[in-house]
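Asker: Need a 3D model of the following:
(one chain, ligands or ions: 1)
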Amino acid sequence: MTLSTIPAARRPLANGGQPPPKAVDRPAVEPLEPTPAFLAELAEQSTRLESATPEEIIAWASERYAPYLTMATAFGPEGCVILSMLAKIAPETYVFNLDTGYQFQQTLDLRNRIAEKYGIEVAMLQPELTVPEYEALHHGPLYKTNPTQCCFDRKIRVLRQAVVGQHAWMSGIRRDQSADRARAPIVGWDEKFRLVKISPLANWTKQEVWKRITDEAVPYNPLHDQGYPSVGCWPCTRAVLEGETDERAGRWSGTAKTECGLHTLTEQDGSGI
Ligand code: SF4
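Answerer: Below you'll find the predicted structure:
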């Protein structure tokens, strides 16, 4: 580990440990129900949007679901590109990050660079227990012994709270990232979180994402220039090795785990997530 990848867990949090900002004020609404008619409508919209640009998909999502539309971002290249698009289309959208306490400092810094460039203040949502409290409770770092539980406690639980009262969420997943993500629709029902899930970049390639970053000088995580094509928490992320073509090869390396559970269509590791 180089100096530039010093663990964020030992550093102050980006928001100084303050409570996360609240979502925009809006009247409470009933949760959506995935009736057959509603699911059919989503499938129809998804098919229609297959040939749409990401900007058109985001505009549709905002028109259809705001102010009950949100987005989770880990500040990956795709998330940063969507944030750059949101800045032009719907800058008021509530965007949050699952701030596990184990993120790289470069990731936390990127949150502030995005805010400076686009005026979008991504909310940093933290688990109930701090990293020291959590590790004390489990007699050590759980990411070493049970990363699925760690992801569940420090990401999934927080996400579930964050999306209460929302109808839809956007993600930056691309179909060419993994076999599981290859099946992602543009618009679909996310049964795990009981939300409509919209993936504006599902049809984009990695090259298209990076072209947009280069063309528009979108801020991105400097770790991508240091051999980390995919960046998650520092204990569970390593640089990819020469010859490794899977851009997520450095995530949970050496384990069967490939996803934190946010974007899986199937359950992993018997986690029940
Ligand atoms: S990625 Fe690793 S450190 Fe982060 S929540 Fe999951 S197991 Fe814990």
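Asker: Only C-alpha atoms from now on, for both contacts and neighbour counts.
Answerer: OK.
Asker: And the next helix or strand past the host helix or strand of M71?
Answerer: Assigning secondary structure by DSSP states H and E places M71 in strand 69-72. Toward the C-terminus, strand 69-72 is succeeded by helix 77-89 as the next helix or strand (DSSP H and E).
Asker: Tell me the gap between the following helix or strand past that following helix and the middle of its chain.
Answerer: In the C-terminal direction, the helix or strand that comes right after helix 77-89 (DSSP H and E) is strand 94-98. Remark: strand 94-98 is offset 8 Å from the chain centroid, using CA atoms, centre = their mean, to the nearest Å.
Asker: Strand 94-98 close to the ligand?
Answerer: No - if you take CA under 6 Å from any ligand atom as the test, strand 94-98 misses the ligand, and the best it gets is 9.0 Å.
Asker: ditto for stretch 108-124
Answerer: No - where contact is defined by CA under 6 Å from any ligand atom, no part of stretch 108-124 touches the ligand; the two come within 14.0 Å at best.
Asker: Averaged pLDDT, that stretch. What do you get?
Answerer: This predicted structure assigns stretch 108-124 an average pLDDT of 97.
Asker: List the buried residues in that stretch.
Answerer: Neighbour counts using 16 or more other CA atoms under 10 Å place 108, 110-114, 118, 120-124 of stretch 108-124 among the buried residues.
Asker: what does the protein put close to the ligand?
Answerer: 100, 102, 143, 147-148, 150-151, 154-155, 232-233, 235-236, 260.
Asker: Go again with 8 Å.
Answerer: Residues of the chain found near the ligand, taking CA under 8 Å from any ligand atom as the criterion, are 100-103, 142-144, 146-155, 232-237, 251-252, 260.
Asker: of those, buried ones?
Answerer: If you count burial by 16+ other CA under 10 Å, the buried members of those come out as 100-103, 142-143, 147-155, 232-237, 251-252, 260.
Asker: Among those residues, name the ones in helices.
Answerer: 142-143, 147-151 (DSSP state H).
Asker: what about P222, distance to P132?
Answerer: According to CA to CA, to the nearest Å, P222 stands 27 Å off from P132.
Asker: whoops, R111 was the one
Answerer: 23 Å.
Asker: Which stretches in the chain count as helices?
Answerer: Secondary structure of the chain (DSSP H): helices at 36-49, 54-65, 77-89, 105-118, 131-137, 142-145, 147-151, 157-162, 206-216.
Asker: I'd like the ones you listed as JSON lines, with distance to A28 appended.
Answerer: As requested, the helices of the chain are exported to JSON lines (distance: least, CA to CA, whole Å):
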{"stretch": "helix 36-49", "distance to A28": "20"}
{"stretch": "helix 54-65", "distance to A28": "13"}
{"stretch": "helix 77-89", "distance to A28": "24"}
{"stretch": "helix 105-118", "distance to A28": "28"}
{"stretch": "helix 131-137", "distance to A28": "33"}
{"stretch": "helix 142-145", "distance to A28": "36"}
{"stretch": "helix 147-151", "distance to A28": "29"}
{"stretch": "helix 157-162", "distance to A28": "14"}
{"stretch": "helix 206-216", "distance to A28": "35"}
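Asker: looking at these, which is closest to W169?
Answerer: helix 54-65 (9.0 Å; CA to CA).
Asker: what's the closest one packed up against?
Answerer: Contact analysis of helix 54-65 by 3 or more CA pairs under 8 Å, 6 or more residues apart in numbering; DSSP states H and E lists helix 77-89 as its packing neighbours.
Asker: Just want the residue of the stretch 151-273 of the chain that's nearest the ligand.
Answerer: Ranking the residues of the stretch 151-273 of the chain by distance to the ligand (CA to the nearest ligand atom) places C151 first, at 3.6 Å.
Asker: quick one: pLDDT of that residue?
Answerer: For C151, the pLDDT comes out at 93.
Asker: what about this protein, any weak spots by pLDDT?
Answerer: Using pLDDT under 70 as the threshold, the predicted model of the chain has low-confidence ranges 1-25, 241, 244-273.
Asker: now do 90
Answerer: Where the chain drops to pLDDT under 90, the residues are 1-31, 176-183, 192, 227, 229-230, 237-273.
Asker: Tell me which residue lies nearest the centroid of it.
Answerer: When the chain is reduced to its mean C-alpha position, the closest residue under CA atoms, centre = their mean turns out to be T73, at 3.4 Å.
Asker: Quick check on that residue: phi, psi?
Answerer: Listed backbone geometry of T73 is phi -140, psi 140, with angles given as degrees, to the nearest 10.
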